[in-house]
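>>> just to be clear, the model below is a prediction. Sequence and coordinates:
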Amino acid sequence: MIPVRQVEGRAFPLGRKNVDTDMIIAAEHLKTVSRHGLGRFAFQALRADPGNVFDDPAYAGAPILIAGDNFGCGSSREHAVWALADMGIKAVIAPGFSDIFSSNAFKNGLVTVVLGQAEVDRLLAWAAKHEIRIDLEIMTVLCHGEAFAFDLDPFRRECLMEGRDEIALTLLHVDAIEAYERRIGV
């Protein structure tokens, strides 16, 4: 996993509430175990609408998505996080996330930032003209001269900042694991 200390750039101003994993990536694209190439299928139903934010050149390459409450609800679908990451999205800001999406995001290095609805509304308005910076070191979202503090579980924050997934965490204890295996004769 790649360490994340800051995410900075334009932001897709989606703003929709209750965006479920089926909307993020349809079930027909779940037959792969590869993380690569899924971005082209992300938000496929929304992209069918002319003038959608995902095909607007002003937001091309945006590393941040601003969403409404309950983002990522629905079925447990790690492919949803993979599709977002393959699009280049490194962080999602919303008033709330489904628990399973938040867990999948963390395990795959995608930053989820919870802010109040008023702050999200301000960021949605500013996203058309201003870049946004998410700073994990100071736990703040910065935009247009304003700063919005957010909370993040300290363990998750450290893992994201150090680029440690579950495998990397296990490898921190390789000496103890090998010593145990020697003791039991493995």
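Good, I have the coordinates. Residues are numbered from 1 along each chain as shown.

>>> now do the SS call for C159.
helix (DSSP: H, G, I helix; E, B strand; the rest coil).

>>> for the chain, which element, helix or strand, carries the lowest mean pLDDT?
Taking mean pLDDT, DSSP states H and E as the measure, the helix or strand of the chain with the lowest value is helix 166-171, at a mean of 87.

>>> tabulate the CA atom coordinates of it in PDB.
What follows is helix 166-171, C-alpha atoms only, in PDB (Å, rounded to 0.1, in the frame of the first residue of the first chain):
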ATOM      1  CA  GLU A 166      -2.700  -6.200   6.800                       C
ATOM      2  CA  ILE A 167       0.200  -8.000   5.200                       C
ATOM      3  CA  ALA A 168       2.700  -5.200   6.000                       C
ATOM      4  CA  LEU A 169       1.400  -5.200   9.600                       C
ATOM      5  CA  THR A 170       2.000  -9.000   9.800                       C
ATOM      6  CA  LEU A 171       5.500  -8.600   8.400                       C
END
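
>>> I'd like the next helix or strand past it.
Following helix 166-171 in sequence order, the next helix or strand is helix 174-184 (DSSP states H and E).

>>> state the mean pLDDT of that next one.
Looking at helix 174-184 alone, the average pLDDT works out to 92.
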